[in-house]
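Asks: Model the structure of this input:
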Amino acid sequence: MSPSSAISCIKSGLSRLLIPSLAATLAACATTPPPPPPPPPPPPGDASASGAVLSDWRAVITPGDRDRYQRRDAAWALALQQAKRQPGSGDLSSLGELIEPGAARPSVAPPAGDYRCRTVKLGSQGGEQGLGYVVYGWFACRVEQTSAGLKFTKLTGSQRPGGLLYPEDDRHMVFLGSMALASEPAVRAYGQRQERDMVAVMERIGERRWRLVIPWPANESNLDLIELVPAPARR
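Replies: Numbers count the residues shown, from 1 in each chain. Below is the predicted model:
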């Protein structure tokens, strides 16, 4: 047999061996589906590993309240300047850490229950013509645990804010709520009436003492503080 004939014979034999194997491989690929892609990660804020729903005030807050929240340091500065140089109503010197901007302590979340609360208004939207501060008397407030999270409500008085407290960090919670006035019924949900919406920061400032810091309120003052202390146990 010539060399060229031998080479042809070898090629023919290899083809007979490889073609069945290649056909089997192609058939297996055609009948075996590719593995499914991995599931996408859950969206941020959807759920924790334990299944608990996570709340984020940043997804709820209105643009106007976001601006007030971001400028709360400026509200503190202006309001305290006015409170110290303009006449006011009440004893400002007795308030202690309530009117100290950096008084926040760790473990901010207040326990659910009934509280005594009072409002202190600092600064004047009327400039030099208004009162620099007003210290009001005590009213009834409540903190309750709801399915949506902690809820704060001022129960008595002519101005009664109410809304949810969103966790932020160990020293701060963000309050998004609304205001009921005079004899109106309970406050509406946040976001339903822009002129009544409000943003505040909850801080713990003592062993059993908290405050809501409300920058740039809709009327009268430039900074409102609501002090909270647990109500005496009923007998």
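
Asks: Give me the number of neighbouring residues for Gly102.
Replies: The tally of other residues near Gly102 (other CB atoms under 10 Å) stands at 7. In this view, the C-beta of every residue, glycine as well, is placed from N, C-alpha and C.

Asks: Residues contacting stretch 106-116, please?
Replies: The contact list for stretch 106-116, computed with CB atoms under 8 Å, 6 or more residues apart in numbering, reads 138-145, 150, 165, 167, 170-173, 202-204, 210, 228-231.

Asks: and what of stretch 134-148?
Replies: 55, 88-92, 95, 110-121, 150-157, 164-165, 220-221, 226, 228, 231.

Asks: Next secondary structure element downstream of the one helix or strand in the chain whose mean pLDDT sits lowest?
Replies: Least confident helix or strand of the chain, by mean pLDDT, DSSP states H and E, is helix 3-31 with a mean of 45. Sequence-wise, the next helix or strand downstream of helix 3-31 (DSSP states H and E) is helix 63-70.

Asks: tell me which strands and helices that following helix is in contact with?
Replies: Helices and strands touching helix 63-70, by 3 or more CB pairs under 8 Å, 6 or more residues apart in numbering; DSSP states H and E, are strand 197-206.

Asks: Just give me the longest strand of this protein.
Replies: strand 133-146 (DSSP state E).

Asks: Now do that strand against strand 197-206, angle only.
Replies: Counting by axes from the mean of the first three to the mean of the last three CA atoms, to 10 degrees, strand 133-146 lies at 90 degrees to strand 197-206.

Asks: Low-confidence bits of this structure, can you list those?
Replies: 1-55, 187, 235 (pLDDT under 70).

Asks: Who does the residue nearest to Val120 when sequence neighbours are not counted form a beta bridge with?
Replies: Sequence neighbours aside, Leu225 is the residue nearest to Val120 in space, at 4.4 Å (criterion: CB to CB, 6 or more residues apart in numbering). Beta bridges link Leu225 to Val120, Val213 when assigned by DSSP bridges.

Asks: ok, Leu225 - contacts?
Replies: For Leu225, the contacting residues are Leu98, Ile99, Thr119, Val120, Lys121, Leu122, Arg211, Leu212, Val213, Ile214, by CB under 8 Å, 6+ apart.

Asks: Show me what counts as buried in the longest strand of the chain.
Replies: Residues of strand 133-146 classed as buried: Tyr133, Val134, Val135, Tyr136, Phe139, Cys141, Arg142, Val143 (neighbour count, 16 or more other CB atoms under 10 Å).

Asks: same question, stretch 217-235
Replies: So for stretch 217-235, counting by 16+ other CB under 10 Å, buried means Pro217, Ser221, Asn222, Leu223, Asp224, Leu225, Ile226, Glu227, Leu228, Val229.

Asks: pretty sure the fourth one is in contact with Arg211, am I right?
Replies: Same thing as Leu223. No: taking CB atoms under 8 Å as the definition, Leu223 is not a contact partner of Arg211, at 11.1 Å.

Asks: With adjacent residues omitted, what lies nearest to the residue nearest the centre of the chain?
Replies: Residue closest to the average C-alpha location in the chain (CA atoms, centre = their mean): Trp57, at 3.0 Å. Counting by CB to CB, 6+ apart, the nearest residue to Trp57 once its immediate chain neighbours are dropped is Tyr166, at 3.8 Å.

Asks: now do Trp216
Replies: Arg68 (4.5 Å).

Asks: and if you look at Val108?
Replies: Distances taken as CB to CB, 6+ apart put Arg204 closest to Val108, at 4.8 Å, once the chain neighbours are dropped.
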